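Undergrad: Sequence plus predicted model, see below.
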Amino acid sequence: MTRPGSRGVASAEFSFLFLAILAVVIGLVEVTWQATVAAALDRATLRASRFGVTGQATRPDTPAGITCRSQTVRWLVANATGSILTPARIQVTTGAHDSAVDLGVAPPVAGEGTGGQVVTYTVLYTEPFLTGAWLRVIGGPEHVVHRAAVVVKNEAFDNAVC
């Protein structure tokens with residue numbers, strides 16, 4: 001037997017509970033996606049830096065328009081993750097030092113460096129939130145900027161810098 005005036009209470013309680021659970025699920029999906037993007041960016045940066053230390057200009061599988069190491073590094077970052085990263089949102093910067101002692105002391109020389117130099121690969125990737133429209137409504141940010149950095153020492157090579 002229901003009390004008078006209590007019709008629809010269960011439906012109202014369910015709708016409040018459902019909205020809270022839905023918000024948690026959407027938040028978990030968002031966090032999982034952003035963590036996946038960050039992991040993919042880390043992997044792609046490491047892969048590109050491993051190529052960069054060799055001093056080779058290109059790889060056999062690079063497209064015809066890519067002719068030098070700096071272009072190949074950017075291409076590797078963009079393609080190392082399949083379709084997770086959008087190439088237009090990737091920003092790759094590199095800086096070379098003569099030795100590890102110079103890191104943080106002297107400003108780096110832009111580029112992938114020459115043989116034996118220490119090179120920092122820094123990759124920034126801007127990923128919009130999956131729930132960006134909702135975040136804009138409450139004044140939140142529209143995207144996350146993911147950052148990956150790797151410091152490597154180039155092998156001894158004689159290739160010209162491009």
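TA: Good, I have the coordinates.

Undergrad: Scan this protein for its longest helix.
TA: Counting residues, the longest helix in the chain under DSSP state H turns out to be helix 9-52.

Undergrad: For that helix, which helices and strands make contact with it?
TA: helix 69-79, strand 118-128, strand 143-153 (3 or more Cβ pairs under 8 Å, 6 or more residues apart in numbering; DSSP states H and E). Using the backbone N, CA and C atoms, a C-beta is placed for each residue, glycine as well.

Undergrad: Turn these into JSON lines, columns for distance to Ala88.
TA: Shown next, in JSON lines, are the helices and strands packed on helix 9-52 (distance: least, Cβ to Cβ, whole Å):
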{"stretch": "helix 69-79", "distance to Ala88": "9"}
{"stretch": "strand 118-128", "distance to Ala88": "9"}
{"stretch": "strand 143-153", "distance to Ala88": "13"}
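
Undergrad: can you redo those as CSV with distance to Pro108, mean neighbour count and mean pLDDT?
TA: Converted to CSV, the helices and strands packed on helix 9-52 look like this (distance: least, Cβ to Cβ, whole Å; neighbours: other Cβ atoms under 10 Å; pLDDT from 0 to 100):
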stretch, distance to Pro108, mean neighbour count, mean pLDDT
helix 69-79, 14, 21, 89
strand 118-128, 6, 19, 95
strand 143-153, 11, 16, 95
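
Undergrad: Give the residue spans of this structure that score low on pLDDT.
TA: 1-6, 159-162 (pLDDT under 70).

Undergrad: Contact partners for Phe157?
TA: Neighbouring residues of Phe157 by Cβ atoms under 8 Å, 6 or more residues apart in numbering: 54-55, 114-115.

Undergrad: Can you tell me the centre-most residue of the chain?
TA: The residue lying closest to the centre of the chain (Cα atoms, centre = their mean) is Leu41, at 3.7 Å.

Undergrad: so that one sits right up against Val145, yeah?
TA: No. Between Leu41 and Val145 there is no contact under Cβ atoms under 8 Å: 10.5 Å.

Undergrad: what is in contact with these two at once?
TA: Common contact partners of Leu41 and Val145 (Cβ under 8 Å, 6+ apart): Tyr125.

Undergrad: what's the most distant pair in the contacts of Phe157?
TA: The most widely separated members of the contacts of Phe157, counting by Cβ to Cβ, are Thr54 and Thr114 (12.5 Å).

Undergrad: between the two, which one's more packed in?
TA: More neighbours surround Thr114 than the other of Thr54 and Thr114, with 18 against 14 (other Cβ atoms under 10 Å).

Undergrad: wait, isn't the more buried one in contact with Asn154?
TA: Yes. Between Thr114 and Asn154 there is a contact under Cβ under 8 Å: 6.9 Å.

Undergrad: Sounds good, over and out.
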